[in-house]
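Q: Sequence and predicted model, in that order:
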Amino acid sequence: MFKFTLVTEDNIEYLSQVSKEYDYMNSPSSPYEIDEFMQQYIREAKAFGVSGVQLSFPYRVFAIHTDEETITTMFNPKLIEVIDDTQIRMEEGCLSFPGLFLNVPRERAIKIEYQDRLKKLNTMELYDYYARGFLHELDHLNGVVFTSHVGRLSLKMARKKLYKRKKRYNIQ
């Protein structure tokens with residue numbers, strides 16, 4: 001089994017790479033192992049989702065909550081259509097940027113396509129919070145980190161707020 005390790009912003013070059021298509025026949029880890037590991041990781045981290053590249057696995061795969069109780073692992077996910085392009089600004093965080101929260105604009109509703117661990121092609125529509133999460137993880141697969149969605153001043157202010165919080169609570 002492939003060794004999965006969380007990649008943080010300290011290795012921004014790695015996070016900035018475009019992930020390779022997941023090849024079911026030639027992968028260093030089986031889709032079942034990936035699915036199990038990613039879902040367990042999300043539960044333990046109490047996270048919304050995580051992408052392969054964040055776990056040092058640079059292939060087009062991620063797992064996200066698709067509703068309150070369901071975590072879905074998506075291989076070779078694609079955005080098919082923006083159903084509602086209303087830009088909703090909402091606070092977003094990222095496992096690779098611990099403690100950093102930014103107001104990021106994202107589309108309200110999308111239609112997506114992905115393969116599951118059995119290689120079956122699925123489509124679904126995602127709205128609001130779930131659309132946001134999908135787009136965040138898809139960005140990871142495309143080498144885009146969430147800090148690139150805000151201006152320099154917003155990022156600087158968020159980092160200053162994080163620094164103060166860490167100092168106040170004596171966090172490293």
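A: Now that the structure is in, tell me what you want to look at. Numbering: from 1, shown residues only.
Q: which other helices and strands contact the top helix by length along the chain?
A: Secondary structure of the chain per DSSP state H: the longest helix is helix 152-168. Other helices and strands packing on helix 152-168, by 3 or more Cβ pairs under 8 Å, 6 or more residues apart in numbering; DSSP states H and E, are strand 102-115. C-beta coordinates here come from the backbone N, C-alpha and C atoms, glycine included.
Q: what helices or strands is the strand it packs on leaning on?
A: Strand 102-115 packs on strand 71-92, strand 121-127, helix 128-141, helix 152-168, going by 3+ Cβ pairs under 8 Å, 6+ apart.
Q: out of those, nearest to E107?
A: With Cβ to Cβ as the measure, strand 71-92 is the member of the helices and strands packed on strand 102-115 nearest E107 (5.0 Å).
Q: Can you list the strands that that closest one pairs with?
A: strand 61-65 (antiparallel), strand 102-115 (antiparallel) (DSSP bridges).
Q: The longest one to helix 128-141, inter-axis angle?
A: By that I understand strand 102-115. Relative orientation of strand 102-115 with respect to helix 128-141: 80 degrees, computed using axes from the mean of the first three to the mean of the last three Cα atoms, to 10 degrees.
Q: got the buried residues for strand 102-115?
A: Using 16 or more other Cβ atoms under 10 Å as the burial criterion, the residues of strand 102-115 that qualify are L102, V104, R106, E107, R108, A109, I110, I112, Y114, Q115.
Q: what's the spacing between T66 and Q172?
A: For T66, the distance to Q172 equals 34 Å [Cβ to Cβ, to the nearest Å].
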